[in-house]
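In: pasting the sequence and the predicted coordinates here, then a few questions.
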Protein chains: 2
Amino acid sequence: MSRSDGTVAVSSRPVVVDAMGGDHGPVETVAGAVTARRELGVPVVLVGRGESVRVELARHGATGEIDVVHAEDVVPMTERGAGAVSSTTTSLTVGCDLVRQGRASAFVSAGSTGAVVSCAIRGIGRAPGVLRPALAVALPSVTGGATVLVDAGATSDPTPEMIAQFATLGASYARLVLGVADPSVGLLSIGSEPGKGNRLTRRAGELLPALPLRFHGNVEGHDVLAGTVDVIVTDGFTGNVVLKNVEGSMRAALTLMARSGGAGAEEMRAVALRYDPETHGGAALLGLAGTVVVAHGSSRAATIARACAVAHDLSDGGAAERSGDLSGAEPVR
Amino acid sequence: MSRSDGTVAVSSRPVVVDAMGGDHGPVETVAGAVTARRELGVPVVLVGRGESVRVELARHGATGEIDVVHAEDVVPMTERGAGAVSSTTTSLTVGCDLVRQGRASAFVSAGSTGAVVSCAIRGIGRAPGVLRPALAVALPSVTGGATVLVDAGATSDPTPEMIAQFATLGASYARLVLGVADPSVGLLSIGSEPGKGNRLTRRAGELLPALPLRFHGNVEGHDVLAGTVDVIVTDGFTGNVVLKNVEGSMRAALTLMARSGGAGAEEMRAVALRYDPETHGGAALLGLAGTVVVAHGSSRAATIARACAVAHDLSDGGAAERSGDLSGAEPVR
């Protein structure tokens, strides 16, 4: 993938790709890593069962072209949380270790989001100055662009100061990944006027105007898909509820459309698919000492390659590290 | 409206109807009050500008049949919050006063939800034992029934104990208004397993199993329209964000469908309309010393009449008063 400035990304530290994650195992993940390296100029390393991975590399004539780090075990896609961190020999924990050790700049996995997030927080740790990590998801908006929802579920009980950091992390994400030069940031609340909201939101609303970012003010639940702002910041509890509510609402619309006689059901299926958690482009875990991108479980090679480029852009742009520093007067570019 | 047991509701205390609320002023509200009295057997009183109201009553031949309480002023539909309580001579404040004084059992208004809620909390006060009021909205689910979302925005910073009360209030609402004999109650969270959620939700999740109601456990954002449970309980911040997110998601689906060529756009418009805040049947403010039902602003006579019956059922069933008592071992019937 070309960078937004037209150059091809180069970096000494590779992106480590979880070869075992996702529904299509090493077949698609290895193909995606090869594509990322050859076509998008992203340096990559694969982590997973050595034998399986090498078979796939050979199929692409890429033996010796991409390094492989062996990990004996695989976290199943059904593992959705902290249980994933119990083994130190999975592709998730070994991949995160490579990032922690500085041998890789970022980690890409198509594994279960909850399991990847748990392993990454435990295994990589926070970037300097960052209080807590946040999960960012880019939701397609009706205007044709996307709105970054952050935090979509990493930190369920943040302080107002953490929410302010999430705003900065989300704005960096919008710049680096969506290419928005000066992203607007809205605070999710229950009234558009300043001072509306619960205690946490009201206090965060007092901090946000002082940050070096374009603060729009409060937005509401109906703004999430309306393209009102480039970034919507909230706590990880509300963000996760909203993310799943969008998905469920679209699925409900599809069901109700299909039941009403079928006219337009196929069109609605296409709309709903854009908001399916398996297809909305994955989520980036921001604020760790290395970038982590969770691709959807059903990812094919092209999506894995794109996730590698996103991870490389994020780590190269320093979103994870620099955006945690709220003391600087200059916005992160 | 007949009661669920087949009898016609009778009560000495009338429901007071805000004649001035809504987009269609006294024309539809007075017609609705007449319908409520004549066809549904609900005793009613009208509050508003005496002259305007009497003109409408005369059109229905109902002069002297329904009492009118004069209120000089009208809260505009654009007033969405606490500003509405500044005047004591509006139909909102006079209507709430009648409930507080015990001269009416419930208040029905098609005014702005925020304004009605502010006036009701200030003017009526809480029912004995109730810590804070909660707003309940019945959202149509894909199964053909409805799920009560409570609190949809009355109390943005509840304690866990308040959330437990909201569950009881919501279950009473489901019984009395939706006719569900033994409603299931889900706690909105970010994982279906017990113990998932933020601190507030986790603590509420510890209290709910001890209550005399059918506690389903945690539900998630995608369960809101899926018919998973009859009642979804949450804090008023999350509930209000979700309510507006459902509305916005349906509107976004309509926009995206219309843009994709138009096939099915009309069908989607019908689906989206069911979730429009102006048409999803209004909201009931539970836990006050009298029942308050907010009908949508665009209500016509039939909807106002139905709101009167809902208000009468709720007050007659004692949802507001009795469900606040969490000490009883018997579920509220």
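Out: Now that the structure is in, tell me what you want to look at.

In: A:A284 contacts A:P133, correct?
Out: No. Assessed by Cβ atoms under 8 Å, A:A284 is found out of contact with A:P133, at 10.0 Å. The C-beta positions use only the backbone N, C-alpha and C, and glycine is treated the same way.

In: quick check, pLDDT for the spatially closest residue to A:P160 that is not a sequence neighbour.
Out: For A:P160, ignoring the flanking residues on the chain, the nearest one in space by Cβ to Cβ, 6 or more residues apart in numbering or on different chains is A:R203 at 3.8 Å. On pLDDT, A:R203 comes in at 97.

In: helix or strand right after the strand or helix carrying A:R203?
Out: Assigned by DSSP states H and E, A:R203 belongs to helix A:199-207. Using DSSP H and E, the helix or strand that follows helix A:199-207 towards the C-terminus is strand A:214-219.

In: and that following strand, which strands flank it?
Out: Each strand paired with strand A:214-219, and its direction, by DSSP bridges: strand A:184-188 (parallel).

In: list the contacts for the residue of the stretch 1-150 of chain A found nearest chain B?
Out: Closest residue of the stretch 1-150 of chain A to chain B, Cβ to the nearest Cβ: A:V142 (4.4 Å). The contact partners of A:V142, by Cβ atoms under 8 Å, 6 or more residues apart in numbering or on different chains, come to A:L225, A:A226, A:G227, B:A252, B:T255, B:L256, B:R259.

In: going through the residues you listed, which ones are buried?
Out: Among these, the ones that count as buried by 16 or more other Cβ atoms under 10 Å in any protein chain shown are A:L225, A:A226, A:G227, B:A252, B:T255, B:L256.

In: in helices only, show me those.
Out: Among the buried ones among the contacts of A:V142, DSSP state H puts B:A252, B:T255, B:L256 in helices.

In: which of those are close to chain A?
Out: Contacts with chain A within these, counted by Cβ under 8 Å from any Cβ of the partner chain: B:A252, B:T255, B:L256.

In: coming back round to it: and the residue of the stretch 1-150 of chain A closest to chain B, what's its pLDDT?
Out: For A:V142, the model assigns a pLDDT of 93.

In: how about A:P331?
Out: Looking at A:P331, its pLDDT stands at 28.

In: same question, A:G281
Out: So, for A:G281, pLDDT stands at 58.

In: ok, the one 5 residues further on next?
Out: You'll see A:L286 listed with a pLDDT of 93.

In: and for A:M77?
Out: A:M77 is assigned a predicted lDDT (pLDDT) of 81.

In: and what of A:A174?
Out: Looking at A:A174, its pLDDT reads 95.

In: again, but for A:P209
Out: 97.

In: and it, what does it touch?
Out: Applying Cβ under 8 Å, 6+ apart to A:P209 gives the contacts A:F215.

In: likewise A:L243?
Out: Residues near A:L243 by Cβ under 8 Å, 6+ apart: A:V137, A:L139, A:L149, A:A152, A:G153, A:P277, B:G221.

In: mark which of the residues you listed are part of strands, please.
Out: Judged by DSSP state E, the contacts of A:L243 include A:V137, A:L139, A:L149 as members of strands.

In: wait, the first one touches A:Y275, no?
Out: No. Distance between A:V137 and A:Y275: 10.3 Å, which falls outside the contact criterion (Cβ under 8 Å).

In: tell me the one of the contacts of A:V142 nearest B:G95?
Out: B:G95 lies nearest to A:A226 out of these, by Cβ to Cβ, at 34.5 Å.

In: what's in contact with the helix holding A:R203?
Out: A:158-161, A:163-164, A:187-189, A:194-197, A:217-218, A:233-235, B:157, B:237.

In: quick one: that helix to strand A:184-188, angle?
Out: If you take axes from the mean of the first three to the mean of the last three Cα atoms, to 10 degrees, helix A:199-207 sits at 150 degrees to strand A:184-188.

In: could you list the buried residues of helix A:199-207?
Out: A:L200, A:T201, A:R202, A:A204, A:G205, A:L207.

In: cool, and stretch A:68-84?
Out: Buried, per 16+ other Cβ under 10 Å, within stretch A:68-84: A:V68, A:V69, A:A71, A:D73, A:V74, A:V75, A:E79, A:R80, A:A84.

In: least confident of the residues you listed?
Out: A:R80 (70).

In: excluding covalently adjacent residues, which one is nearest to it?
Out: Spatial nearest neighbour of A:R80, excluding adjacent residues (Cβ to Cβ, 6+ apart): A:G114 at 3.9 Å.

In: three-state assignment of that neighbour?
Out: Using DSSP: H, G, I helix; E, B strand; the rest coil, the structure places A:G114 in helix.

In: what do you get for A:V53?
Out: helix.

In: now do the contacts for it.
Out: A:V53 is in contact with A:A19, A:P26, A:V30, A:L46, A:V68, counting by Cβ under 8 Å, 6+ apart.

In: among those residues, which one sits closest to A:A104?
Out: Distance to A:A104 across these (Cβ to Cβ) is lowest for A:L46, with 10.7 Å.

In: show me the shaky parts of chain A.
Out: Within chain A, the segments meeting pLDDT under 70 span A:1-11, A:262, A:277-281, A:317-333.

In: can you tell me the residue of it closest to chain B?
Out: For chain A, Cβ to the nearest Cβ, closest residue to chain B: A:G264, 1.0 Å.

In: in this structure that residue contacts B:R269, no?
Out: No. Between A:G264 and B:R269 there is no contact under Cβ under 8 Å: 10.1 Å.

In: who has more neighbours, the two?
Out: Remark: of A:G264 and B:R269, A:G264 carries more neighbours, 24 against 14, as counted by other Cβ atoms under 10 Å in any protein chain shown.

In: could you find the closest non-adjacent residue to that one?
Out: Nearest residue to A:G264, sequence neighbours excluded (Cβ to Cβ, 6+ apart): B:G264, at 1.0 Å.

In: quickly note the distance from the one you found to A:S141.
Out: When distance is defined by Cβ to Cβ, to the nearest Å, B:G264 is 20 Å away from A:S141.

In: what does A:R175 give?
Out: Between A:R175 and A:S141 the computed distance is 17 Å (Cβ to Cβ).

In: same deal with A:T168?
Out: In this view, A:T168 and A:S141 are 21 Å apart by Cβ to Cβ.

In: more neighbours: which of those two?
Out: Neighbours around A:T168 and A:S141, counted as other Cβ under 10 Å, are more numerous at A:T168. The numbers are 30 against 20.

In: name the element that one belongs to?
Out: Per DSSP H and E: A:T168 is located in helix A:160-176.

In: show me where chain A has its strands.
Out: Along chain A, counting by DSSP E, strands occupy A:15-18, A:44-48, A:67-70, A:106-109, A:134-140, A:146-150, A:184-188, A:214-219, A:231-233, A:283-286, A:291-294.

In: against which helices or strands is the shortest one packed?
Out: Right, strand A:231-233. On a contact count with 3 or more Cβ pairs under 8 Å, 6 or more residues apart in numbering or on different chains; DSSP states H and E, strand A:231-233 meets strand A:146-150, helix A:160-176, strand A:184-188.

In: try the second one
Out: Under the contact criterion of 3+ Cβ pairs under 8 Å, 6+ apart, strand A:44-48 touches strand A:15-18, helix A:25-40, strand A:67-70, helix A:91-100.

In: now with 10 Å?
Out: Using 3 or more Cβ pairs under 10 Å, 6 or more residues apart in numbering or on different chains; DSSP states H and E, the elements in contact with strand A:44-48 are strand A:15-18, helix A:25-40, helix A:50-59, strand A:67-70, helix A:91-100, strand A:106-109, helix A:301-317.

In: tell me the angle of the third one relative to strand A:44-48?
Out: The one in question is helix A:50-59. 140 degrees.

In: tell me, how many residues neighbour the residue nearest to A:R300 when sequence neighbours are not counted?
Out: Nearest residue to A:R300, sequence neighbours excluded (Cβ to Cβ, 6+ apart): A:E28, at 5.1 Å. A:E28 has 24 neighbours, counted by other Cβ under 10 Å.
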